[in-house]
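# Test case, fold it:
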Amino acid sequence: MTGESPIDPDVPQTTIVDTDTHVAPTFAELGVSDEIVKALEADGKTHTFAIQELTLPLALAGDDLIGQARTGMGKTFGFGVPLLHRITQVAPGSDGPLRPLDGTPRALVIVPTRELCLQVTGDLQVAGKDIEVDPQPNPKRKLSIVSIYGGRPYESQIAELQAGADVVVGTPGRLLDLAQQGHLILGKVQILVLDEADEMLDLGFLPDIERIMRALPDQRQTMLFSATMPGPIVTLARTFLNRPTHIRAEHAGDSAVHERTTQFVYRAHALDKAELVARVLQAEGRGATMIFTRTKRTAQKVADDLAERGFKVGAVHGDLGQVAREKALGRFRDGSIDVIVATDVAARGIDIDDVTHVINYQCPEDEKAYVHRIGRTGRAGRTGIAVTLVDWDELHKWKIIDDALHLGMPEPAETYSSSDHLRSDLSIPESATGRIAPPAPTEREGTSDGGRREQRAPRANRERRRTRGARSGSAGDAASAKAEKATSDAGASEKSQASSEASGDGGDGSSRPRRRRRRGRGRGGSGEGTAQAAASNATASSDQ
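Numbering: from 1, shown residues only. Model (predicted):
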């Protein structure tokens, strides 16, 4: 890993050389408080990742910094651990402890999406679960970490702020709303973190962020984390950060695309994609999988199709309510489902370390979207597989991505669900088909053609039985009476014809057409339609 020269030539810089023999220090060795160290150890985290090793000494000392690292490199604990330490402990190299906690926010973390807000809040709660604060004159209490984001009622979030919040994690729009209403107190914030700053820029949040930052005290520590450094983010850093150290954490030889992620690109036909994806999901070693689409409608369609094929799948997109999105992500995290279908915007901030496969169901819009998508796998030192399906009309778009990232795959191989190279590339068993289980019964089954044929015929029979019960004045009565009269006067063939009339056939005196129509309506008719047709038939018969 290396430190990169800052965004201004006169800004301090740090350089650490990472070799194959380098052993990452533990959180304890870097001076993190015992409560946080023990909580992280209980969660299986002892040694630091590259971005954490570089940022912790500076952040613990109270310096402003810019952390630049790709997704999945451990940025959350890179700022979260020093944040929790500094508001509760005397940090090494600092002038002293921060202001005692009194229930008004001391630290503010701004994130671009609801999903990332929940993920960061969860990570901070893991690291700070054993921290107790001693506000005077109140008795000791647990450190309070509150998440504030749109899509949920204001009332519950206002109540949490009023009950006391030491750390607030939130999205820009809702934070600004509550601050302007006077519910979120920003005057005592001493640590500010901007996470995924380039994503907030893409989503148009930069004006809101600037308004929030102008409401904060001038004397504060500010940490900005971003995967890329576009011009507006550089300007933001120059305006609001005080001589920040610019740190970029990476391994030697890393490119913009994860080296630990094996990438496959196939030219696939739109009508075969669902079958192809179903077979990819049966690859050997396949674990948690994320499938990306460009549109909300396609995301839901793919999720429904995979569920019908027997896969445990959920969807995350803008047409779903926040509760439904959180429920799907919660089931994905706990393993109840192992496939999630998401749009690009909805997937921003989904941070799950053990995703083994990423499938681009539709070609990404540009190289940034491609890097973001496949960055969901190959995280935290693990390996992963990324599969991109490019339709014929997307080839020009893919060539632009390939050129920008120097992938060396400008002409994807034409591939179908039955292609041998698909099976060999992804280790798909020969026995794999497009379905792993019969479709579970659903409310929608009755809308299929077969469902109508099976369900409507009994209803028609029941309707005929009811109309024979001699209810006066009904069209069904007239038709039934005519059928009974014909039965008593004629033989078997005439009886059949009378029955046909009672079922609503013709009345034109031609037996052959009536028999053909009777057979057709017997398969597809409904009880209500039978009664109406019987009434009209009885009228026609009386005219004769």
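# Would you mind measuring from the closest residue to Cys363 other than its chain neighbours to Pro412?
In space, Cys363 comes closest to Glu394 once its chain neighbours are excluded; the distance is 4.0 Å by CB to CB, 6 or more residues apart in numbering. For the C-beta atoms, the positions are set from N, CA and C on the backbone; glycine is no exception. When distance is defined by CB to CB, to the nearest Å, Glu394 is 10 Å away from Pro412.
# that older thread, report pLDDT for the residue nearest to Cys363.
Looking at Glu394, its pLDDT reads 93.
# Domain map for this protein?
34-90+100-248, 261-426, 449-543 (automatic domain parsing).
# Out of those domains, which gets the lowest mean score?
Among the domains of the chain, domain 449-543 has the lowest mean pLDDT, at a mean of 44.
# and Leu184, how many residues sit next to it?
26 (other CB atoms under 10 Å).
# need the contact list for it.
Neighbouring residues of Leu184 by CB atoms under 8 Å, 6 or more residues apart in numbering: 105, 148, 161, 168, 175, 178.
# repeat that with 6 Å
The neighbourhood of Leu184, defined by CB atoms under 6 Å, 6 or more residues apart in numbering, consists of Leu178.
# Mind checking what secondary structure it has?
Here Leu184 is coil, with the state taken from DSSP: H, G, I helix; E, B strand; the rest coil.
# Quick check: it vs Ile212, distance?
Distance, Leu184 to Ile212, by CB to CB: 9 Å.
# Name the nearest residue to Asp43, sequence neighbours excluded.
Excluding the flanking residues, the one nearest Asp43 by CB to CB, 6+ apart is Val126, at 5.3 Å.
# go on, Thr295?
Counting by CB to CB, 6+ apart, Thr343 is the residue found nearest to Thr295 once chain neighbours are left out, at 6.8 Å.
# give me the number of residues near the one you found?
Applying other CB under 10 Å, we find 22 residues neighbouring Thr343.
# Adjust the sequence numbering to begin at 46 for everything that follows.
Happy to do that; since the first residue is 46 now, the last one works out to Thr388.
# What values do phi and psi take at it?
In terms of degrees, to the nearest 10, the main-chain angles of Thr388 are phi -90, psi 170.
# Quick check: Gly215 touching Ile193?
Yes. Counting by CB atoms under 6 Å, Gly215 sits close enough to Ile193 to count as a contact (3.4 Å).
# So for Asp222, what's the nearest residue that isn't a sequence neighbour?
Nearest non-adjacent residue to Asp222 (CB to CB, 6+ apart): Tyr199, at 7.8 Å.
# OK, contacts around the residue nearest to Thr340?
338, 341, 344, 362.
# for the third one, what are its contacts?
The contact partners of Ala344, taken as CB under 6 Å, 6+ apart, are 338, 360, 362, 386, 388.
# Look up which helix or strand Val191 falls in, please.
Using DSSP states H and E, Val191 sits in strand 190-193.
# Give me the sheet partners of that strand and which way each runs.
Applying DSSP bridges, strand 190-193 is found paired with strand 212-215 (parallel).
# quick one: buried residues of the next helix or strand after the strand it pairs with?
Following strand 212-215 in sequence order, the next helix or strand is helix 217-225 (DSSP H and E). For helix 217-225, the neighbour count (16 or more other CB atoms under 10 Å) marks 217, 219-224 as buried.
# who does the helix or strand that helix 217-225 is followed by touch, helix- and strand-wise?
Proceeding N to C from helix 217-225, the next assigned helix or strand is strand 236-239, under DSSP H and E. If you count contacts as 3 or more CB pairs under 6 Å, 6 or more residues apart in numbering; DSSP states H and E, strand 236-239 packs onto strand 152-155, strand 266-271.
# ok, which stretches of the stretch 196-345 of the chain are helices?
With helices called from DSSP state H, counting those that start in this stretch, the stretch 196-345 of the chain shows them at 199-208, 217-225, 242-247, 251-259, 276-285, 318-325, 341-353.
# typo on my end, it should be the stretch 46-195 of the chain
For the stretch 46-195 of the chain, the helices defined by DSSP H, counting those that start in this stretch cover 79-87, 95-105, 120-133, 159-172.
# residues in contact with the last one?
Which is helix 159-172. 81, 84-85, 88, 121, 125-126, 129, 154, 156, 190, 192, 194, 196, 214, 216, 394-396.
# now stretch 207-227
For stretch 207-227, the external contacting residues (CB under 6 Å, 6+ apart) are 146, 148, 150-155, 162, 165-166, 188-195, 229, 231, 250, 253-254, 256-257.
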